[in-house]
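> Next input, structure requested:
(2 chains)
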Amino acid sequence: MDDTQRLTGRTDDLIKGLATQAGKRSSATPSLSIVLAAAMVFSILAATGVVLLIAGARSDLARILPTWTFQFKVIGVALIAAGAFQLARTVVRPGRALRALLCLAPGVAFLLAGALLDRSGFPLLGVHTYSVSSCAGIIIMASIPALAAFLAAMRAGTPTRLGRAGAVAGLLAGSVGALAYTIACLNDGAAFVAIWYSVAIAFVTALGAATGPRLLRW
Amino acid sequence: MDTREDRWAKAMRAERTGDSAAYEAFLRDFASSVRRIVEAHLRRMRFSLAEVEDVVQEVLIAVHSRRNQWDTQRALLPWLNAIARYKIIDASRRLGRDARVRIDLTEEEWAGIFSSEAFDPERNPADVEKLISALPRGEQAAVRTIGLQGASTKDAAERLGSSEGAVRVAFHRSLKKLMVAARRKGFDHG
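As a prediction, this is how the structure comes out:
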């Protein structure tokens, strides 16, 4: 019993100490939204850099920019990225309900519709035998710096479910990587994009989920 | 204005204007409800209650150091719950790990456990008997045959008419319980 009293006494001292700091801001930390936005800008630049370095922009980029096949990729992946960004803003704040499906629904629906309505006859495995592996591989590589940036940014917040937060960081990084890869990707079939981009993004999501608990601990 | 949410949220807003007294009252109130939760949790996980105050303090420090991140426009309780939950789970993982480190001994160390300085049946046979008799019957038999009579797991399995694996599991499980019980009774020097 004495022991318990001594211990709660220690907590009492701590409370008194903490209370004297009332009204004092711990430090001039930038707002969480700004940190995440900065990570987003960095990620887009880094992913584009990686894609240009490894694959280079496709030579007919200027010609395809206004075409639907190109815009389909960009819009689909950008919608996923926007949903993931919203999720990232949620998971770094404790106690917020995660309406995952709602945030991702527009992107998923868009890609799914594109894949189902795809009448291009473009082969599902791409134009080359290495299409799938190079597409997924480059997206994943372009996502790695982004994943690092988002995980670092999340540490400025207060994630309380680390696996989930890591997965969201991975999803966001993967979709940014895929977005950057659109400038190099030669595979213009909507179904190809919907399937293989998703596989690459899912891989990065899993990577984030696996590393989150370790890297986001506080 | 007398729900917990309202009272605590009001105190947390008062903290921002430097109201130490309101903040201190909130921390005290919050600490005692965290303490109840942590106690129940550690008891359910069969951890020693000696860690309760450490965990409570970790939760308090976590809330304190991130208090500026709470959005005053939003409910406070879900925010507090999520942080407390995270810190309690984090602490019980650490306790679980500590327990494994303390308890993961080699077969020889397990066998030698009753002749170690800290836990000596020669000195305290009655106490040891009391601890053992609190175990389930199957584990009692395993610990008596292997730990006290010095039989190998194979012999013990034969004698008890059980498989070697089952005997080993029963033995380890019972030793784990004995160590926890012994520590609670102050057998441990540590």
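> buried residues in the longest helix seen in chain B?
Across chain B, the longest stretch assigned as helix under DSSP state H is helix B:77-103. Within helix B:77-103, the residues that qualify as buried by neighbour count (16 or more other Cβ atoms under 10 Å in any protein chain shown) are B:79-80, B:82-88, B:90-92, B:95, B:99. Bear in mind the C-beta positions are built from the backbone N, C-alpha and C, glycine included.
> Chain A contacts on chain B?
Chain B has residues B:14-24, B:27-28, B:31, B:35, B:50, B:52-53, B:56-57, B:60-62, B:64-66, B:68-69, B:71, B:75, B:77-83, B:85-86, B:90 near chain A, with proximity defined as Cβ under 8 Å from any Cβ of the partner chain.
> So which of the residues you listed are in strands?
Assigned to strands by DSSP state E, none of these qualify.
> Pop the domain breakdown of chain B in here.
As recorded under automatic domain parsing, the domains making up chain B are B:4-103, B:107-184.
> I figured residue A:180 was touching residue A:144, is that so?
No - between residue A:180 and residue A:144 there is no contact, the gap being 11.9 Å when judged by Cβ atoms under 8 Å.
> so who does residue B:25 touch?
residue B:11 (Cβ atoms under 8 Å, 6 or more residues apart in numbering or on different chains).
> distance of it from residue B:77?
Residue B:25 sits 17 Å away from residue B:77, going by Cβ to Cβ, to the nearest Å.
> which residues in chain B form helices?
Per DSSP H, chain B carries helices over the ranges B:4-16, B:20-44, B:52-65, B:77-103, B:107-111, B:125-133, B:137-142, B:153-160, B:164-184.
> Return the most buried member of those.
Sort those by mean neighbour count, taking mean count of other Cβ atoms under 10 Å in any protein chain shown, and helix B:52-65 sits at the top with a mean of 21.
> same question for it, mean pLDDT?
Mean pLDDT, helix B:52-65: 92.
> and that helix, what does it pack onto?
Judged by 3 or more Cβ pairs under 8 Å, 6 or more residues apart in numbering or on different chains; DSSP states H and E, the packing partners of helix B:52-65 are helix A:2-19, helix B:20-44, helix B:77-103.
> So what touches that helix?
A:7-8, A:10-11, A:14-15, A:18, A:21, A:26, A:218, B:27, B:30-31, B:34-35, B:38-39, B:42, B:80, B:83-84, B:86-88, B:90-91.
> Specify the local secondary structure of residue A:118.
Secondary structure, DSSP: H, G, I helix; E, B strand; the rest coil: residue A:118 is coil.
> Hmm, residue A:191 and it touching each other?
Yes - Residue A:118 is within contact range of residue A:191, at 4.2 Å (criterion: Cβ under 8 Å).
> can you tell me the average pLDDT over the longest helix of chain B?
For helix B:77-103, the mean per-residue pLDDT is 84.
> center of chain B - which residue?
Against the mean C-alpha coordinate of chain B, by Cα atoms, centre = their mean, the closest residue is residue B:47 at 1.8 Å.
> nope, chain A is what I meant
Residue closest to chain A centre, computed by Cα atoms, centre = their mean, is residue A:172 at 1.1 Å.
> quick one: contacts for it?
So residue A:172 contacts A:40, A:43, A:81, A:84, A:85, A:87, A:88, A:146, A:150 (Cβ under 8 Å, 6+ apart).
> re the thing from before, closest to residue A:68 among the buried residues of helix B:77-103?
residue B:82 (43.6 Å; Cβ to Cβ).
> Could you report the distance from that closest one to residue A:158?
Computed as Cβ to Cβ, the residue B:82 to residue A:158 distance reads 8 Å.
> Between these two, which contacts overlap?
Common neighbours of residue B:82 and residue A:158 (criterion: Cβ under 8 Å, 6+ apart): residue A:94.
> Tell me, how many residues neighbour the residue nearest to the residue nearest to the centre of chain A when sequence neighbours are not counted?
Ranked by Cβ to Cβ, 6 or more residues apart in numbering or on different chains and with sequence neighbours excluded, the top spatial neighbour of residue A:172 is residue A:84, at 3.9 Å. A count of nearby residues for residue A:84, using other Cβ atoms under 10 Å in any protein chain shown, gives 27.
> low pLDDT regions in the chain?
No chain specified, so I'll use chain A. A:1-7, A:26-29, A:100 (pLDDT under 70).
> wrong chain, I was asking about chain B
By pLDDT under 70, the low-scoring segments of chain B are B:1-2, B:100-127, B:183-190.
> would you list every one of the helices in chain A?
Listed in chain order, the helices of chain A (DSSP H) span A:2-19, A:32-54, A:61-64, A:68-91, A:100-116, A:131-154, A:162-181, A:190-192, A:198-215.
> which helices and strands sit right next to the fourth one?
Just to be clear, that refers to helix A:68-91. So helix A:68-91, by 3+ Cβ pairs under 8 Å, 6+ apart, packs with helix A:32-54, helix A:100-116, helix A:131-154, helix A:162-181.
> just the second one next, same as before
Using 3+ Cβ pairs under 8 Å, 6+ apart as the contact criterion, the secondary-structure elements in contact with helix A:32-54 are helix A:68-91, helix A:131-154, helix A:162-181.
> Surely residue B:24 is in contact with residue A:17?
No - assessed by Cβ under 8 Å, residue B:24 is found out of contact with residue A:17, at 9.9 Å.
> Closest to residue B:154 out of the buried residues of helix B:77-103?
Looking across the buried residues of helix B:77-103 and measuring by Cβ to Cβ, the closest to residue B:154 is residue B:99, at 27.9 Å.
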